[in-house]
Structure formats: structure tokens, C-alpha cells
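Trainee: A predicted structure for the sequence below; I have some questions about it.
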Amino acid sequence: MKSFRDESMGEQGLLRTQGKNCLHHIWICLLSMLLTACSGSLGKVQLENVNAVITQSEAAIEQARFANAQDLASDTLQQAENDLARAKEAANAKDGLRAMHLAYNALTQAQIAEQEAMYKSQGSGFNAIIKRKEAEIVTLEADLKTIDGALEKSRTDAQQLDMQMTQLQADMGERLQKAEQAHREMLSDYSNAKAQSADLQSKLGSVQTQLLQAQSQVEKHERQNRQLRRELATAQSLVEKMRKEAAAAREKAAAQVASYSKHIEQLDRSNVLTETLAQKKQAAKAYVQQHRKKQPVRTNSTSLTDEQINSGRAAIGGWALAWATKDIHQHLGTYTRDAMITQTVIRSSNEEQTKLDRLQMADALKQMVNTEWQETDSRFDADGESVIATYRFSRLSRGVVSGEIPELHDLWTREVWARRIGDEWKIFRESWRIYEAVPRYGTAFN
């Protein structure tokens, strides 16, 4: 053990000596380079270079202290600190060359002190390790005897384990045979289940196809139901409106009957008024006949099915409902952009006919909607690919003097032609006939 320790210390001394020689050689090289650089002008060493070396020396001294050089290499560390102090004094005295020389000495001594402390610290550690290992060897020798006894016991236990292993292997073989049998049965069951799954998958595909078809039918029926509900709501609204108008008409008729009864004698005495009434009626009938002659030529046949005709009537019904509710925006939305609008106004046997563009029609309808026009009757027809609707409206003429007998009215007939464009029914033609200040000689179409 002693020879190993001495040999370790010798190696440490050799390493330490080599470290010193290496650092000394480095310092000599740096100094020679400095002298070469400053040759001919030794008093002109840059203060920044001196301060840089002093800073490196201070860092090297701190590193040596960190390696415990103040205890393990105190002389070398003290030498480095002395050289550093003298280098600072020379720098303050502006002796650059001497300050540089002392700073490099301090740097070298500090590095040597650090290496010595590290070598001595490692040597102490080696001695402690050797002592610890010797104690461990003694302990291991005692443990070895204990292990021999345990090993013998383990051999006996191993024999018993061999016997148990043989028995376990026999049991395992039997269990493996049972497991293989169970595995074969599981494979058979899996094949049967796979065949059943394929059959069920096929049935599922068929059911899904039927379900999609059923869903499509349900959606179709729902759309039809929604359409029917809208048509029913429109019809109910029209029926309710007609009921109200019929009730109002009955009340008005009763009032007119009473009024006519009171003034019947006046009518008999007023031959001029009777003649005027007859003339108005005759003129109105003449204009009606003339209007019929100017109607667009009809084919008196249609290629539309009943379902298409009902669809066109529902679209025109929505147009009429929008007018009744004074929704002029929706009312105008039913027309095509190039719809042909013809307006004929009859005043005192004079007929004035004009064609309206879309803007003029919109302005006229916006004025009409704010007046008290009452729908009197309507009629639907179909011709060619068109659905035709005729609506008649009336209002008390504004030029009537209060109490005048008989009452004169303004009559407005609107005939609209609608056809299917894409998925929608659009009005492409409409004619207006407005009779001003005429008697209401009938409300039914002739």
C-alpha cells in the first residue's frame, strides 16, 4: 500500500513540475513577444494592455483561492499576490514595461498555485480512497464467508426448484394443450361470427338505402305540406276577407235599399237624372264590350296540368295578398323586369290609354295602395302556358257630391298574366282599366 501511495505522490510531483515548466515557457514567450513589439520604445506600453493583464492576474488569483491554494500552495499564491500589488504600483507610476512584467509574473504564479492546490487535493483524496478500499476488502472477506454458506443453501434450494420446475413444465404442457383447443374453438366461433357480420352488414346497407329513400319521401311530403299550409293560410285569409266584405256589402246594400226607398220618388220625378243614369250605364257597357275586343288573343286551350295551374293561382294569390296587406315591395317582386303594363282610363266617355314602364308602374301602385280600393270579385283562367287572373276593385268616386243620387264609383279592373320562369311564377303582362265616376251596374264578370 505504501509503495502505491509513494508512486502516486511521485506522479503528482512530476505533473506539478511539468505544469510549472509549461507555464514558465508560456510566460517567456509572451514576454519576448511584448519586448519585440515594444523594442526601441519600452516606455510606450499601452495602459489598456497592462490593465488587461492585471485583470487576468486578479481572475487567476481568485481561481487559485477557489482551489484552496491559500492552504495547499500558500507560498506560491503569496508570491502571485505580491507581484500583482507591485504591478499595480508600477502601472500607477506609469512604468508600463515593469508593470507588464510583474503582471505576467503574478498571472503565472497564480496559475502554478492553482495547479499545486489541485494536485495536493487529488493526492489527499487518493490516500482517503486507499484507506477506504482496505476497509472494504476486510468487510468483503467477511461477507465472502457468509456468501459461501448462502451459496450452499442456494444449491439445495436450486435442486428443489428443479424438481418444482419439472412439475410446472408438465402442468404447463397440459394447460397449453387446453389453451390450443380453446383457441381452435375461438377461431371457429370467429369465422361464424364474421360470416354473420357480413350478412348483417349487407342487411344494414339495404336498410340504410330504404331509410334514405324514406327520408327523401318524408322531406318531399314535408315540402308539399308546407306548400299546402301556405296555400291554405292564403285561402283562409281570402275567405275571411271575402266574409268581411260580404258582411259589409250586405250592410251597405241594406243602407242603399233604405236610401233608394227614400229617394225613389225623386228619381221618378227627375227624368233628366234617369236619362243620365241610363246613358252612364250604356257608356259603361259599351266600354266593357270595347275592352273585350282589345283583349289579347287567347288560344282557349292550355298545356298546363291541374297541379301547375294551382301552383300559378297560389303565386298570384300571394301577389293579391301582398296588395291587400299593402306590402308594395313584395307585390312588385312578383313581376318580371320587362313586364308589359297597359293602363286605360275612361273619363266621361273619353278613353286614354298609356303604356307604363316598371318605374311608372311602381309609382302608380304606390299611390293606389294608399287609397280605399275594395276588391269586389276575381276570376282565374288558364291559356297556353299562362295562368290569367282578373281582379276588380271599386271605390266611391272623389268627384261625387255628398248626397248625390245615384252614387258614382271608380272601377279598377286588373288582368294579370303569369307564367313559370325557372322555379317561380312571374307576372309578365298586366292591363288596367279604370272607369271614373260611373254607377256600379254589376259586380259579376259577364
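Mentor: Looks like it came in fine. Please read these numbers as outputs of a predicted model, since none were measured by experiment.

Trainee: correct me if wrong, but Arg398 is in a strand.
Mentor: No: read with DSSP: H, G, I helix; E, B strand; the rest coil, Arg398 is coil and lies in no strand.

Trainee: how far out from the middle of the chain is stretch 429-439?
Mentor: Computed by Cα atoms, centre = their mean, to the nearest Å, the separation of stretch 429-439 from the middle of its chain amounts to 57 Å.

Trainee: then the helix or strand hosting Gly318 to CSV, C-alphas only?
Mentor: According to DSSP states H and E, Gly318 maps onto helix 306-324. Output in CSV follows, covering the C-alpha atoms of helix 306-324 (Å, rounded to 0.1, in the frame of the first residue of the first chain):
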residue,chain,number,x,y,z
ASP,A,306,-104.0,21.0,-62.8
GLU,A,307,-101.1,21.0,-60.4
GLN,A,308,-99.3,23.7,-62.4
ILE,A,309,-102.5,25.8,-62.7
ASN,A,310,-103.0,25.5,-58.9
SER,A,311,-99.3,26.5,-58.4
GLY,A,312,-99.8,29.6,-60.6
ARG,A,313,-103.0,30.5,-58.8
ALA,A,314,-101.2,30.2,-55.4
ALA,A,315,-98.4,32.6,-56.7
ILE,A,316,-101.0,35.1,-57.9
GLY,A,317,-102.9,34.7,-54.6
GLY,A,318,-99.7,35.7,-52.8
TRP,A,319,-99.4,38.8,-55.1
ALA,A,320,-103.0,39.7,-54.3
LEU,A,321,-102.5,39.2,-50.5
ALA,A,322,-99.4,41.4,-50.6
TRP,A,323,-101.6,44.1,-52.2
ALA,A,324,-104.3,43.6,-49.6
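
Trainee: give me phi/psi at Glu372?
Mentor: phi -90, psi 70 (degrees, to the nearest 10).

Trainee: that one and Arg420, how far apart?
Mentor: For Glu372, the distance to Arg420 equals 34 Å [Cβ to Cβ, to the nearest Å]. For the C-beta atoms, the positions are set from N, CA and C on the backbone; glycine is no exception.

Trainee: tell me which of these two has more neighbours.
Mentor: Arg420 (16 against 8; other Cβ atoms under 10 Å).

Trainee: which helix runs longest in this structure?
Mentor: helix 96-269 (DSSP state H).

Trainee: okay, domains of the chain per the record?
Mentor: 2-144, 273-438 (automatic domain parsing).

Trainee: could I get those domains as CSV with distance to Thr209 and mean pLDDT?
Mentor: Formatted as CSV, the domains of the chain follow (distance: least, Cβ to Cβ, whole Å; pLDDT from 0 to 100):
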stretch, distance to Thr209, mean pLDDT
domain 2-144, 81, 73
domain 273-438, 28, 85
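
Trainee: in a markdown table: the ones you listed, plus distance to Leu151.
Mentor: Below are the domains of the chain laid out as a markdown table (distance: least, Cβ to Cβ, whole Å):
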| stretch | distance to Leu151 |
| --- | --- |
| domain 2-144 | 10 |
| domain 273-438 | 98 |
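
Trainee: for Ala150, which of the ones you listed is the nearest?
Mentor: Comparing the domains of the chain by their distance to Ala150 (Cβ to Cβ), the top pick is domain 2-144, with 9.9 Å.

Trainee: can you count the residues close to Ala320?
Mentor: Count around Ala320 with other Cβ under 10 Å applied: 21.

Trainee: against Glu415, how distant is the residue lying closest to it once chain neighbours are set aside?
Mentor: The shortest distance from Ala320 to any non-neighbouring residue, by Cβ to Cβ, 6 or more residues apart in numbering, is to Tyr391 (6.5 Å). Look at Tyr391 and Glu415: by Cβ to Cβ, they are 8 Å apart.

Trainee: next, the angle from the longest helix of the chain to helix 306-324.
Mentor: With axes from the mean of the first three to the mean of the last three Cα atoms, to 10 degrees applied, the angle from helix 96-269 to helix 306-324 works out at 90 degrees.

Trainee: quick one: low-confidence parts of the stretch 151-300 of the chain?
Mentor: Applying pLDDT under 70 to the stretch 151-300 of the chain picks out residues 225, 232, 235-236, 239, 242-243, 246-247, 249-250, 252-296.

Trainee: check the burial of Leu140 by counting its neighbours.
Mentor: 11.

Trainee: distance of it from Glu152?
Mentor: From Leu140 to Glu152 the distance is 19 Å (Cβ to Cβ).

Trainee: whatever helix or strand comes next after the helix holding Gly318: which residues count as buried?
Mentor: Next helix or strand after helix 306-324 toward the C-terminus (DSSP H and E): helix 328-332. Buried residues in helix 328-332, defined by neighbour count with 16 or more other Cβ atoms under 10 Å: 328, 331-332.
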